[in-house]
Each structure stands twice: as C-alpha cells, then as structure tokens.
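*Asks:* generate coordinates for the sequence data below:
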Amino acid sequence: MFTKLKMKIAKNRNMLNITIFTFISFLLLVVSYFIDYRGFEFRQFVPDQLMLSKDVSTTFLTTLAGVFLTVTTFTLTTILSILNQYANSFTPRAMQKFIDKPYVLSLFGIFIGGFFYSIFSLLMIQNVPDKVKVISGSIGILYAMASMIYFILFVKTVLKSIKARDVIEDIYDRALKCVKDDASLDETVSTDFSLEEYDQDITRIYAKDSGYLYAIDDDKLAKILKEGQLSLIINYKVGDYLVRGMNVANLNIDIREAEYDKADDLAEKISSCFIYSESPNDTDDYRHEVKNLVEIALRAISPGINDPNTAIICIRKISMLLSVLFSHKSNYKVKILDDSSKIIYKEFTVHDELYFNFYQLIHYGKEDPSVARNILNGLNLIFMHSSQNSAQEVKKFYDEAYEIFMDSMASDMDKNHLKSLKDNFYQLTDNLD
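*Replies:* Predicted structure coming up:
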C-alpha cells in the first residue's frame, strides 16, 4: 500500500508542490480572517506595526494581485524557454529533471496562492469599518517578501540549469545515489548463492499488467514468504518493461494436485506485490539516469550538434558510475528473511551492463578518435575498480570495443594511438594479475 502511494506521489509531485503552496496561502487567509473578523481577543498578541488601516491594506493588496499575476506569466514564459533549450541541446527526458527541481513549478503555487490571497482579502476587508485596522495587508506584504526570496532561488536554479556541465553533474549525482543505494543492499544480503537447488519444484508468477516494473513491495512480499516459509526468485529488475502474462518470478513450492487452489491464491498475492506503470521509475532506477547521460552524449556527437567535448564528459561520468557499480557486482542478490525464506534478485550481468551503456556510443562514435579514446579509457577505469569476478568480463568487453574502433579508424595515426592505449591497458592488467 505504501509503495503504491509512493508511486502516485512521485508521478504527481509537481501538482502536489503547486497545491501545497496554494494551500498555505489559504491558511494565511484563514488566519487573517479570524484575527480581523472573529478573534478580536487575539489582536492583543499582534504588534501594532502589523495592523494597517483599511485604505493602506487595500492599496497594498491591489498592487500585489497585479504583481503576482504578471510574475506568474513571466515565470511560465521563462520555464517554456528553458524546456525548449533542453529539448534542443540535451534530451527530452532531461526536461523532466528541470521541472522536478524544488524551485521551478512550485513557484507557480506561491504566485497563484498569493494572487488568490490578495483577491479574497480585498473582498473581505470591504465589510470592515474604515477606522478599524486589519492584518490582511501586512500578511500580504510578508507573503510577497517570501515570494521574492523564492523567486531569487528560481532564478539561481535557471542560471544553473542552462549550463551543460551542471546538467550532466546533476544527472550524475542522482545516478550515483541510486548506485550507492543498490550497493548498500549488499550489507544485508548474501551473494554466495547457486540456483541449482531451485531448478525443480517451482511455481511461475506471472505479470498482472503490462508496463514498466515501477517497484516491488518488498515488505508485503517478505510477509507472505515468511508465513509460508518460501523463497522467491525475481527474474526482472525495476525499470524493465513487461507484458501481461510474462514470467516475472519463480516460487519454490512443490504443488500437489490437491493444493492447486491454495497455490493459485498464493501466486495471486505475490503477483500483487509487483507494481507496474506506464512510465519508468525515474527516482530509484540508476539505469534511467545513465540512459539520460547516454542520450546527451549521442546528441553531442551527432553531426548537427558536433560537440564531442560534452560527449566526453558524459562518457567519463558513465565510466565512474560503472566503476562504483562493478566494485560490488554479483549475478544475484539474496535477501535472507529467515532460515527457510529468502528473496533472490537476478542482477544484470557485467557484459549486459557494459553493452547497455556503451553499445550506442560505440556504434555512433566508432569513427571519432576522441570518442573511441575516452570509451577505452573509461573501460580502463572500470577495470581498475571492478571486483575480481567482474574484471575479466570488463577486459573481454574492452577487447571487443577495441576491435570495433580499430576497424573503423581511417587514419594510421589514430590506429597507432589506440594500439598504445591497449598496450598500456594490458600492461596494467598484467601487473594486477
């Protein structure tokens, strides 16, 4: 239940930010209403400097209503301009990252809330006697000051978000967090595991819906498995696209003919722990973030953009992420629930990870010496930080990429340079061996 709620909040986070700040303005409206019209006994706790006359409050609130409406239009124009730049210079998926920043769409909530506060406050103070002082105008002024501070933060975010290096660094930081979260799971699992004992006596769990595997309700799943003293092998990872009816997991239970109904109920409960969405998980899946870096690099090396330096930055960031990932890489993660129950997560192999992250860059950049050089240097970095189990797969992929680059180079000078990189790489691997 909590996992599904988290998914809904993540998918509607922008509207929630706007709604929250708008709701704050209505709370301030309620406060001013009670002080000015209902709670006269609270006025003794309000400083006299905050109590303004009806005419002064009306002037302030009228001006603020116009200002909030004007700045809202200006903010919308600015955001649309930035989104257009993102679409042309980076990748359409990176636009969502800008929209999700704390001081972007939430600024609409502040200005819209301020506009409504000013309008409704003007309506309410019309019934106040001319000689009575009210706090509505002072609250509006304080709200406008807070809005200006938030607007300054918005401008700072915009200036930072139009720099390619900052955009790449921001994506890298989010991906690194996801990779480290994935690595922290190793502290609570056992990776010394073989699937041989699960070759028989399994019941297949099928996907209930089509879509991206958004999340797995681990808490609910663990409760079900511990009650039946069962183990589950999960065949896919968060971010994979599944079609209804696919074999998403295997349950190690021997089904006898008299227990088919019980097994069906159990499979239904387990299947409900897998949550699907029409859009991928962009908060917990490191592959989604790495894909953004790959797309930015591909756009940068395209003939229309021709910006290999940006592509090189992305390649270096991808290599750094994989070096962290492969330092703890294993084919399975086994979460021990109790003596007889466990959850087994199948992981991507080292070759699959390398192919997923580099195959497009190798294909489209194989004739560019700078791209080839930095991919090989990146694989060198990954090898140096890889665990013993992963290092040999990295070395094998290095040889495959090297052969592709050598066949694509038109200049002997470029080929000689790549050959020197390979000689240095093998000298390093021999020293480590």
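*Asks:* so Pro369 touches His417, yeah?
*Replies:* Yes: between Pro369 and His417 there is a contact at 7.1 Å, judged by CB atoms under 8 Å. Any C-beta I mention is one placed from the backbone N, CA and C, and that applies to glycine too.
*Asks:* higher neighbour count, the two?
*Replies:* Neighbours per residue (other CB atoms under 10 Å) separate Pro369 from His417, with Pro369 holding more: 20 against 14.
*Asks:* and what about the residue nearest to that one when sequence neighbours are not counted, helix, strand or coil?
*Replies:* Counting by CB to CB, 6 or more residues apart in numbering, Asp414 is the residue found nearest to Pro369 once chain neighbours are left out, at 4.4 Å. When classified by DSSP: H, G, I helix; E, B strand; the rest coil, Asp414 comes out as helix.
*Asks:* pLDDT value on Asp414, please?
*Replies:* Asp414 carries a pLDDT value of 89.
*Asks:* what do you get for the one 4 residues further on?
*Replies:* The pLDDT attached to Leu418 in the predicted structure is 91.
*Asks:* Ile205 too?
*Replies:* Per-residue confidence at Ile205 stands at 87 (pLDDT).
*Asks:* and it, which of the three is it?
*Replies:* strand.
*Asks:* what does Val158 give?
*Replies:* Val158 is classified as helix under three-state DSSP.
*Asks:* before we move on, the earlier item: for the residue nearest to Pro369, give its distance to Ser271.
*Replies:* The gap separating Asp414 from Ser271 is 53 Å, by CB to CB, to the nearest Å.
*Asks:* between the two, who's got more neighbours?
*Replies:* Neighbours per residue (other CB under 10 Å) separate Asp414 from Ser271, with Asp414 holding more: 19 against 15.
*Asks:* neighbours around Lys6, how many?
*Replies:* When neighbours are counted by other CB under 10 Å, Lys6 registers 16.
*Asks:* so it sits in a helix?
*Replies:* Yes: the assignment for Lys6 is a helix, going by three-state DSSP.
*Asks:* dump the residue contacts of it.
*Replies:* Applying CB atoms under 8 Å, 6 or more residues apart in numbering to Lys6 gives the contacts Ala215.
*Asks:* so it versus Val248, what's the distance?
*Replies:* 20 Å.
*Asks:* and for Asn84?
*Replies:* Distance from Asn84 to Val248, by CB to CB: 39 Å.
*Asks:* again, but for Ile79
*Replies:* 39 Å.
*Asks:* who has more neighbours out of these two?
*Replies:* Each of Ile79 and Val248 has its neighbours counted (other CB under 10 Å); Val248 has more, 22 against 18.
*Asks:* surely the more buried one meets Leu232?
*Replies:* No: using CB under 8 Å as the test, Val248 is too far from Leu232 to be in contact (10.1 Å).
*Asks:* what sits in contact with each of the two?
*Replies:* Ile205.
*Asks:* excluding its backbone neighbours, what's nearest Pro129?
*Replies:* Lys54 (7.8 Å).
*Asks:* hang on, the earlier thing: surely the residue nearest to Pro369 touches Val371?
*Replies:* No: applying CB under 8 Å, one finds Asp414 not in contact with Val371, separated by 11.3 Å.
*Asks:* for Ser387, grab the count of nearby residues.
*Replies:* 12.
*Asks:* quick one: contacts for it?
*Replies:* 326-329.
*Asks:* next one: Leu29
*Replies:* 116-117, 120-121.
*Asks:* next, format those as TSV and append pLDDT, neighbour count and secondary structure.
*Replies:* Shown next, in TSV, are the contacts of Leu29 (pLDDT from 0 to 100; neighbours: other CB atoms under 10 Å; DSSP: H, G, I helix; E, B strand; the rest coil):
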residue	pLDDT	neighbour count	secondary structure
Phe116	89	16	helix
Tyr117	88	27	helix
Phe120	87	18	helix
Ser121	86	27	helix
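*Asks:* need those in TSV with distance to Ile110, can you?
*Replies:* Listed next are the contacts of Leu29 as TSV, based on distance: CB to CB, whole Å:
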residue	distance to Ile110
Phe116	11
Tyr117	10
Phe120	16
Ser121	16
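*Asks:* which among the residues you listed gets closest to Tyr359?
*Replies:* Phe116 (51.9 Å; CB to CB).
*Asks:* residues contacting the closest one?
*Replies:* With CB under 8 Å, 6+ apart, Phe116 has these contacts: 22, 25-26, 29.
*Asks:* repeat that for 7 Å
*Replies:* Neighbouring residues of Phe116 by CB atoms under 7 Å, 6 or more residues apart in numbering: Ser25.
*Asks:* over to Val132?
*Replies:* Lys54.
*Asks:* would you list every one of the strands in the chain?
*Replies:* 189-190, 203-206, 211-216, 231-234, 241-242, 247-251, 274-277, 332-336, 342-346 (DSSP state E).
*Asks:* touching the last one from outside, list them.
*Replies:* Counting by CB under 7 Å, 6+ apart, strand 342-346 makes contact with 193, 221-222, 225, 231-235, 332-337, all of which sit outside it.
*Asks:* go through those and name the one nearest Ala391.
*Replies:* Nearest to Ala391 among the contacts of strand 342-346 is Tyr332, at 18.6 Å by CB to CB.
*Asks:* the closest one contacts Phe348, correct?
*Replies:* No: assessed by CB atoms under 7 Å, Tyr332 is found out of contact with Phe348, at 11.1 Å.
*Asks:* shaky segments in the stretch 301-433 of the chain?
*Replies:* For the stretch 301-433 of the chain, the stretches with pLDDT under 70 are 430-433.
*Asks:* hmm, try it at 90
*Replies:* 301-310, 324-350, 352-353, 356, 365-368, 384-392, 408-412, 414, 423-433 (pLDDT under 90).
*Asks:* all helices of it, in order?
*Replies:* 308-326, 350-365, 369-385, 388-408, 412-432 (DSSP state H, counting those that start in this stretch).
*Asks:* could I have the CA atoms of stretch 273-292 written out in CSV?
*Replies:* What follows is stretch 273-292, C-alpha atoms only, in CSV (Å, rounded to 0.1, in the frame of the first residue of the first chain):
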residue,chain,number,x,y,z
CYS,A,273,3.5,-7.1,-4.9
PHE,A,274,4.8,-6.2,-8.3
ILE,A,275,3.7,-2.6,-9.3
TYR,A,276,3.6,-1.5,-12.9
SER,A,277,3.4,1.9,-14.5
GLU,A,278,3.1,3.3,-18.0
SER,A,279,6.2,5.4,-17.3
PRO,A,280,9.6,4.2,-15.9
ASN,A,281,10.7,4.8,-12.4
ASP,A,282,12.8,8.0,-12.6
THR,A,283,13.7,8.2,-8.9
ASP,A,284,15.1,4.8,-7.9
ASP,A,285,16.4,3.3,-11.2
TYR,A,286,20.1,4.2,-11.9
ARG,A,287,19.7,2.9,-15.5
HIS,A,288,17.2,5.6,-16.2
GLU,A,289,19.7,8.2,-15.2
VAL,A,290,22.5,6.6,-17.1
LYS,A,291,20.3,6.5,-20.1
ASN,A,292,20.0,10.3,-19.9
